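Peer 1: predicted model and sequence below, questions to follow.
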Amino acid sequence: MKGLARGASLALAFSPVAACTSASPTCDCVDPALTVTIPMDLAASVTGIQLSGTACTGVNAVCTNQAGGCSQYSFEANHVGDCHVEVESVSGVFEVDVTITQMTGCCAGLYATPESSASIVLPEADGGGG
């Protein structure tokens, strides 16, 4: 009987209800996804986006804004390290490397460092903006 009572008290101590309190922190975390934004005048000419490097092995970019060709792609890194992004279009190849780090704490996950490098913007086509 002693063993049964001890088991019941351990189950209560580790139940999710007992662990949650109103003092739990609320996290305001940045989206870990990286985005590639392509100017509308180039969107239809993009023939592919290739991701490589230790942080993006096996990762695929997904179109998130289909309008006259995809003008925005999104993806999440799957490891710490460098992510090499190549955007192929009929006018050439645009390349950029992004460093991915592991954050801990309230917003744990894989994030681009610096945070601003998570937003990759292709430049306008030659003669497209003055």
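Peer 2: Perfect, I can see it now.

Peer 1: distance of the residue nearest the centre of the chain relative to F75?
Peer 2: Centroid-nearest residue in the chain, with Cα atoms, centre = their mean: A33, separated by 2.0 Å. From A33 across to F75, the span is 7 Å (Cβ to Cβ, to the nearest Å). C-betas here are computed from N, CA, C, even on glycine.

Peer 1: could you identify the helix or strand that succeeds the lowest-mean-pLDDT helix or strand in the chain?
Peer 2: Ranking every helix and strand in the chain by mean pLDDT, DSSP states H and E puts helix 16-19 at the bottom, with a mean of 37. Going down the chain from helix 16-19, the next helix or strand is strand 34-37, by DSSP states H and E.

Peer 1: quick check: mean pLDDT of that next one?
Peer 2: Averaging pLDDT along strand 34-37 yields 97.

Peer 1: just the buried positions in the following helix or strand past that strand, please.
Peer 2: Going down the chain from strand 34-37, the next helix or strand is helix 40-43, by DSSP H and E. Neighbour counts over helix 40-43 (16 or more other Cβ atoms under 10 Å) mark L42, A43 as buried.

Peer 1: which elements pack onto helix 40-43?
Peer 2: Identification of packing neighbours for helix 40-43 by 3 or more Cβ pairs under 8 Å, 6 or more residues apart in numbering; DSSP states H and E yields strand 70-75.

Peer 1: and the helix or strand that the strand it packs on is followed by, which residues are buried?
Peer 2: Moving toward the C-terminus from strand 70-75, the next helix or strand (DSSP H and E) is strand 81-89. By neighbour count on 16+ other Cβ under 10 Å, the buried set for strand 81-89 is G81, C83, V85, V87, S89.

Peer 1: of the residues you listed, which is the nearest to V121?
Peer 2: V87 (10.7 Å; Cβ to Cβ).
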